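Enquirer: structural data only, the sequence is not supplied:
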């Protein structure tokens, strides 16, 4: 009986250690936005999210739009709301055009018709979601690079 108790405690300890290591790896982000604006309506859908380089602030920003278009009718008109979330830890190397966060190349900035275009690398993806009435944004490692 004592051997079984020891075996169970060793297995449980190993499981807890592995699950804590997995949680740390899966929650890793290249960059997270410190901005968490409040959303105004429950049930709104994220209809647009675009990354851009803000030259005046020298900062990567995500422009996000939430809308109630999916639920609109003659009694409840559609409401759209725009949010801007900043990524102050992302740096842009003007010479190479590369974006870097926490020592990782995460994308590229290139000249475009109406300013600059931001293209994330295949190993990075933008994650924008709402949680308890607030918007959160992060640039995470891609699930399938």
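Expert: Ah, there it is. Computed from a predicted structure; not experimentally measured.
Enquirer: where do the helices sit along this structure?
Expert: Assigned by DSSP state H, the helices in the chain fall at 2-26.
Enquirer: residue ranges with poor pLDDT in it?
Expert: Applying pLDDT under 70 to the chain flags residues 1-27, 40-44, 145.
Enquirer: cutoff 50 now
Expert: Along the chain, the parts satisfying pLDDT under 50 run over 3-26.
Enquirer: what's across from residue 85 in the sheet?
Expert: Beta-bridge partners recorded for residue 85 (DSSP bridges): residue 62.
Enquirer: that one and residue 120, how far apart?
Expert: According to C-beta to C-beta, to the nearest Å, residue 85 and residue 120 sit 15 Å apart. No exception for glycine: its C-beta is placed from N, CA and C like everyone else's.
Enquirer: likewise residue 87?
Expert: Relative to residue 120, residue 87 is positioned 11 Å away (C-beta to C-beta).
Enquirer: give me the more crowded residue out of these two.
Expert: Per other C-beta atoms under 10 Å, whichever of residue 87 and residue 120 has more neighbours is residue 87, with 25 against 16.
Enquirer: show me what contacts that one?
Expert: By C-beta atoms under 8 Å, 6 or more residues apart in numbering, the contact set of residue 87 is 31-33, 59-62, 101, 137, 139.
Enquirer: how about a cut-off of 6 Å?
Expert: 31, 33, 60 (C-beta atoms under 6 Å, 6 or more residues apart in numbering).
Enquirer: from residue 138, how far out is it?
Expert: According to C-beta to C-beta, residue 87 and residue 138 sit 9 Å apart.
Enquirer: who does residue 98 bridge with?
Expert: With DSSP bridges as the criterion, residue 98 is bridged to residue 108.
Enquirer: wait, it sits on residue 106?
Expert: No. Using C-beta atoms under 6 Å, residue 98 makes no contact with residue 106, being 8.4 Å away.
Enquirer: pick out whichever of the two has more residues nearby.
Expert: The residue with more neighbours, out of residue 98 and residue 106, is residue 106; 24 against 15, by other C-beta under 10 Å.
Enquirer: roughly how far does that one sit from residue 54?
Expert: For residue 106, the distance to residue 54 - C-beta to C-beta - is 16 Å.
Enquirer: cool, and residue 131?
Expert: 25 Å.
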